[in-house]
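Asks: Pasting the sequence and the predicted model now:
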Amino acid sequence: MSYIGIMSEIAVLVLYIFIGYILRKIRLITENGINDISKLVVNLAMPLLVIKAMNIEYKPEYVKNIFYVAAAALAFIVFTYLTGNKVVNFVQAEEAQKKAMRFCMIFGNAAFLGYPLCYALFGDIGMFYASIFVVMQNVFLWTAGVNIYKQEKIRLSNLKRLINPGTIAISIGLTLFFLNLRPPVIIERVMDGIGGITIPLALMMTGATLYGYKFVEIVTDKKVLLVAIVKTIAFPVVFLAVLYFIPMDGMLKSTLTIQAAAPVQASAAVYAKNFKGDSVIAAKSTFLSTILCLITIPLFLVLVNL
């Protein structure tokens, strides 16, 4: 895809984010509304979109690509986990701040921003591979990720949290794919209809959550700036450098690039608050990294396809 094509697709997504910001500003969407709509997207619309995306004809090359994506995702997450720890050790900050910074450097918004972009650029198959990345990230999040805050032995009990609408949808989708089954037409139409609202709503809610932060105050916070630069620039650049030397389909590389370059996870502040980290740094990092990725992701996509 050409640079202009990439930019035009991303421009549409940016407009959704901007519309959400405006709707929040004029109070057409309230804080409660953001929470309710986000629950609708996460628990119903997005899972149905995932199943729809995986509802494709079985091909052996797809299976091979699944393992490529899973291995690349695991390697990237382990790299960010180990490197993020080293980076934060050089920062003078309170322990709660360091924990939040490390978490934010590792876990990206692979669902709320990664899914829409992969789907917009590559359709169902892009969403299919993006889902594999999300699975790997979620497994890591509820084990090593939570342990960043709790600082205790990783417990298998945390894995029960992996049973959620997202992972259930991926399991159903993979089952349909490997068995080469298709749901009834009427069910497909329902999935198409409800799944179709995912992209606009997810991005509008991202925009709505960005409202209320003073940009100057955020970019002058050195800790937040460090997190945003490491998450959206430094780590993806290293990943792209490695991908360049690996023989892999261009679409796979683009999908992995989008997920690796995704901004800080939208729910990072929630995790920080629940596990006694610094939720303010997490929220600010989400905001700034989201703004930065609107510039960096298009650039990375062009570079990876040279």
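Replies: That came through, no problem. Remember, predicted model here, so these are calculated numbers, not experimental data.
Asks: Can you report phi and psi for residue 108?
Replies: phi -100, psi 170 (degrees, to the nearest 10).
Asks: Tell me what it is bridged to.
Replies: residue 264 (DSSP bridges).
Asks: got a list of what it touches?
Replies: 114, 137, 231, 259, 260, 261, 262, 263, 264, 265 (Cβ atoms under 8 Å, 6 or more residues apart in numbering). The C-beta positions use only the backbone N, C-alpha and C, and glycine is treated the same way.
Asks: And the pLDDT for the nearest residue to the fifth one once chain neighbours are set aside?
Replies: Yep, that's residue 260 we're talking about. Nearest non-adjacent residue to residue 260, counting by Cβ to Cβ, 6 or more residues apart in numbering: residue 239, 4.7 Å away. As predicted, residue 239 sits at a pLDDT of 94.
Asks: Helix, strand, or coil at the residue most central in space within the chain?
Replies: The centroid of the chain falls nearest to residue 110 when counting by Cα atoms, centre = their mean (1.3 Å). With DSSP: H, G, I helix; E, B strand; the rest coil as the basis, residue 110 sits in coil.
Asks: and the longest helix seen in the chain, what's its mean pLDDT?
Replies: The longest helix of the chain (DSSP state H) is helix 60-89. In this model, helix 60-89 has a mean pLDDT of 91.
Asks: Make residue 1 into 8 and carry on from there
Replies: Yep, numbering from 8; the last one is helix 67-96 now.
Asks: quick check, distance from it to the centre of its chain.
Replies: 14 Å (Cα atoms, centre = their mean, to the nearest Å).
Asks: And the next helix or strand past that helix?
Replies: Later in the chain than helix 67-96, the nearest helix or strand by DSSP states H and E is helix 102-113.
Asks: In the stretch 8-157 of the chain, where is pLDDT below threshold?
Replies: 8-14 (pLDDT under 70).
Asks: which one is residue 269 nearest to, not counting chain neighbours?
Replies: residue 115 (3.5 Å).
Asks: re the thing from before, might one say that the residue nearest to the centre of the chain is in contact with residue 142?
Replies: No: using Cβ atoms under 8 Å, residue 117 is not in contact with residue 142; the gap is 9.8 Å.
Asks: Give me the helices and strands touching the host helix or strand of residue 215, please.
Replies: Per DSSP H and E, residue 215 falls inside helix 205-217. On a contact count with 3 or more Cβ pairs under 8 Å, 6 or more residues apart in numbering; DSSP states H and E, helix 205-217 meets helix 10-32, helix 38-47, helix 53-61, helix 121-147, helix 286-311.
Asks: other SSEs contacting the helix or strand just after it?
Replies: Beyond helix 205-217 on the C-terminal side, the first helix or strand identified by DSSP H and E is helix 222-226. For helix 222-226, the packing partners by 3+ Cβ pairs under 8 Å, 6+ apart come out as helix 286-311.
Asks: Run the angle between the helix it packs on and helix 205-217 for me.
Replies: In terms of direction (axes from the mean of the first three to the mean of the last three Cα atoms, to 10 degrees), helix 286-311 departs from helix 205-217 by 130 degrees.
Asks: Which positions in helix 286-311 come out as buried?
Replies: If you call a residue buried by 16 or more other Cβ atoms under 10 Å, then helix 286-311 has these buried ones: 286-301, 303-305, 307-308, 311.
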